[in-house]
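In: what follows is a predicted protein model with its sequence.
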Amino acid sequence: MDIFNYINLSKISNIDIFQLIGFAGMLCIVYAYFLHQIKGVGHNSLRYQLLNLIGAILLTISLLVHFNLGSFLIEIFWIVITLYGMIKNKRGK
């Protein structure tokens, strides 16, 4: 049996590039959180902060097309808070 027989292609064909960008952003944020939880990175780690920043930016781009006010606002706060943390860490070194 071919795996494509089990996939509903009509649902997949409705996915646009902005949904894929948002999905990539979500993966970045979830991966950062996972790394933090398994003690792979600390909250001051540049890797952790960049994953969060990139993820939030990608999700914001997606939300500019598929708008949701609550999600949009949380991503803006996520970006601002992450940038604050990055600046604070850079000044502290």
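Out: Looks like it came in fine.

In: burial check on Trp78, number of neighbours?
Out: 19 (other C-beta atoms under 10 Å). All C-beta atoms are positioned from the backbone trio N, CA, C, and that covers glycine.

In: buried set for the biggest helix by length in the chain?
Out: Taking DSSP state H as the criterion, the chain has its longest helix at helix 69-92. In terms of neighbour count (16 or more other C-beta atoms under 10 Å), helix 69-92 has its buried residues at 72, 75, 78-79, 82, 85-86.

In: go on, stretch 58-71?
Out: 58-63.

In: so what's Leu46 up against?
Out: Leu46 is in contact with 86, 89, counting by C-beta atoms under 8 Å, 6 or more residues apart in numbering.

In: please report how far it lies from Met26.
Out: 21 Å (C-beta to C-beta, to the nearest Å).

In: what ranges do the strands span in this structure?
Out: Ranges of strands within the chain: none, based on DSSP state E.

In: out of the helices and strands in it, which is least certain?
Out: Using mean pLDDT, DSSP states H and E, the weakest-scoring helix or strand in the chain turns out to be helix 9-12, at a mean of 60.
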